[in-house]
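[1] fold the following and give me the result.
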Amino acid sequence: QVQLVESGGGLVQAGGSLRLSCAASGRTSRSYAWAWFRQAPGKEREFVAALSWSGDSTKYTDSVKGRFTISRDNAKNTVYLQMNSLKPEDTAVYYCAADLTYYGSGWHYDYWGQGTQVTVSS
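    Okay, the predicted model is just below:
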């Protein structure tokens, strides 16, 4: 089992930047694939970015390519989502997810955080 806690959300103007953090605790010695999802009001949860178990492969949804970067710090058991050039349509609750066997854009991750709110004003 691994527990995930997101932080770093907040209110930012369009064009600004935020860095979300996902701190993992529990069985962090195992290799997980990581992902970020987001859910805007009235919409389904959608995939944003993923990082493979080894950290040498990433995936991004088209709308964030070139603006968002997923990364991890193994020493801190923390995964990050650097978000630049933010747009009002990026407003959502952002969730961190992890899984031992799945790496992709689906909802198949076993472990989820509670979410952190990101609001981008125009």
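[2] residue 22 reaches residue 5, doesn't it?
    Yes - when contacts are counted by C-beta atoms under 8 Å, residue 22 is listed as touching residue 5 (7.2 Å). All C-beta atoms are positioned from the backbone trio N, CA, C, and that covers glycine.
[3] look at these two and report which has more neighbours.
    residue 22 (26 against 14; other C-beta atoms under 10 Å).
[4] helix/strand/coil for the closest residue to the more buried one other than its chain neighbours?
    Sequence neighbours aside, residue 96 is the residue nearest to residue 22 in space, at 3.4 Å (criterion: C-beta to C-beta, 6 or more residues apart in numbering). The three-state label given to residue 96 by DSSP: H, G, I helix; E, B strand; the rest coil is strand.
[5] bridged to the residue sitting nearest the centre point of the chain, which residues?
    Nearest to the geometric centre of the chain sits residue 36, at 2.5 Å (C-alpha atoms, centre = their mean). Judged by DSSP bridges, the bridge partners of residue 36 are residue 49, residue 96.
[6] could you measure from it over to residue 100?
    Remark: distance between residue 36 and residue 100 (C-beta to C-beta, to the nearest Å) = 18 Å.
[7] re earlier: in this structure the residue nearest to the centre of the chain contacts residue 82, no?
    No - counting by C-beta under 8 Å, residue 36 stays clear of residue 82, with 10.7 Å between them.
[8] what's the overlap in contacts for these two?
    Common contacts of residue 36 and residue 82 (C-beta atoms under 8 Å, 6 or more residues apart in numbering): residue 70.
[9] before we move on, the earlier item: what sits against the residue nearest to the centre of the chain?
    Taking C-beta under 8 Å, 6+ apart, one finds 20, 22, 48, 49, 50, 70, 79, 81, 94, 95, 96, 97 in contact with residue 36.
[10] what segments of this protein are strands?
    With strands called from DSSP state E, the chain shows them at 2-7, 10-13, 18-26, 33-39, 46-51, 58-60, 68-73, 78-83, 92-99, 111-112, 116-121.
[11] surely residue 121 and residue 14 touch.
    Yes - contact status for residue 121 versus residue 14: in contact at 6.6 Å, counting by C-beta under 8 Å.
[12] what touches both of the two?
    Common neighbours of residue 121 and residue 14 (C-beta under 8 Å, 6+ apart) are residue 88.
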